[in-house]
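Student: Just a sequence and a predicted model for now, questions to come.
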Amino acid sequence: MTSDATRTGTPTPPPSPTGATPPSARDREQATGASSPAMVPRATGAKARNRNIIAIASGKGGVGKTWFAITLSHALAKRGQKTMLFDGDLGLANVDIQLGLMPKADLGNVVAGKKTLNQATTPYPAGNFDVIAGRSGSGSLANIPPGRLQILTEDLMLMSQSYDKVIVDLGAGVDKSIRLLSRAAGTMMVVTSDEPTSLTDAYAFIKITAMERRDVDIRVVVNACNSTREGERTYQTLLKACQGFLKISPPLAGIVRRDTRVREAIRNQTPILTRYPNSEAAMDVEAIADRLLLG
Ligand SMILES: Nc1ncnc2c1ncn2[C@@H]1O[C@H](COP(=O)(O)OP(=O)(O)OP(=O)(O)O)[C@@H](O)[C@H]1O
Ligand SMILES: [Mg+2]
């Protein structure tokens, strides 16, 4: 591939200062919004308890997180897993839009203290999974106070006990609210495309996550590749940087090929597994779901 990362052998340091330097203890405290260790989900416990919460993250925006989160939820539900899709994009929630859902309640109501997470759950019968929609309508939850976000994260962890799998669609970037919400998850799937900026941002996300939580199970999804081979090369570039600088080897969750059916399915507000189940992208996500269930 022809990324900066390939040319230099390592991804160039990400532009974000949070990705470029190791977070200090103060950063970590601010990231969790907690001054007391008791408020932070314990890392080791999180690993044991929360492997069934899978956060879909990226770094760079627009790499296909929301589409992938929906499709993975659908694929898991098809495999008999009781699945919840949680729209954790606090800035620009759009799971409900991609699905054509009209939720009666959403995270905005939960954060306002008017509904519980249970009450804000909307079934999505066409996919046989449940959805907690992000804030629809005006305004965003991007500025939610850290204390509220901490409570939401803990509620999500509690709720996950009634599900086989909870998929959390995160917003782009590495800011504090994203990192705090992602703490609910024992597994992180980091989505990248083969674009250099996407790769360096994915690396930044992995770096900051691995520094904050050595226990977390990080896996890589390479999305929108022209070929499986190209996706493999992209993964190897990222893997080398992670091994060289972070001394970790996040495994490849899978490669999803670029497919015009993705855009068509989104435009029709219908999941790709319903509308184009035999498309390449649909089959690639089905394969990722199969591998995920193997462990
Ligand atoms: N495998 C693919 N093949 C072709 N197009 C794709 C693929 N995956 C995603 N896309 C395109 O990328 C666009 C962005 O997808 P999506 O909204 O899921 O990204 P995102 O990472 O959630 O963005 P954001 O960071 O803004 O939340 C989609 O509208 C779709 O057209
Ligand atoms: Mg999104």
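Tutor: Arrived safely. Ligands and ions are numbered 1, 2, ... in the order given.

Student: Got phi/psi on the residue most central in space within the chain?
Tutor: Central residue of the chain (Cα atoms, centre = their mean): residue 56, 1.2 Å from the mean position. When read as degrees, to the nearest 10, the backbone of residue 56 gives phi -100, psi 110.

Student: Cross-check the contact I'm expecting between it and residue 170.
Tutor: Yes: contact criterion Cβ atoms under 8 Å: residue 56 and residue 170 qualify, at 6.1 Å. For the C-beta atoms, the positions are set from N, CA and C on the backbone; glycine is no exception.

Student: Mind listing the shared neighbours of the two?
Tutor: Residues touching both residue 56 and residue 170 by Cβ atoms under 8 Å, 6 or more residues apart in numbering: residue 65.

Student: Please name every helix or strand in contact with the helix or strand harbouring residue 178.
Tutor: With elements taken from DSSP states H and E, the one containing residue 178 is helix 176-182. Helix 176-182 sits against helix 25-32, strand 53-57, strand 83-88, helix 146-159, strand 165-170, helix 196-212, with contacts defined as 3 or more Cβ pairs under 8 Å, 6 or more residues apart in numbering; DSSP states H and E.

Student: Can you say which of those is packed in most?
Tutor: Comparing the helices and strands packed on helix 176-182 by mean neighbour count (mean count of other Cβ atoms under 10 Å), strand 83-88 ranks first with a mean of 29.

Student: got the angle for it vs strand 165-170?
Tutor: 20 degrees (axes from the mean of the first three to the mean of the last three Cα atoms, to 10 degrees).

Student: mind listing what strand 83-88 pairs with, with the direction of each?
Tutor: Strand pairing for strand 83-88, determined by DSSP bridges: strand 129-132 (parallel), strand 165-170 (parallel).
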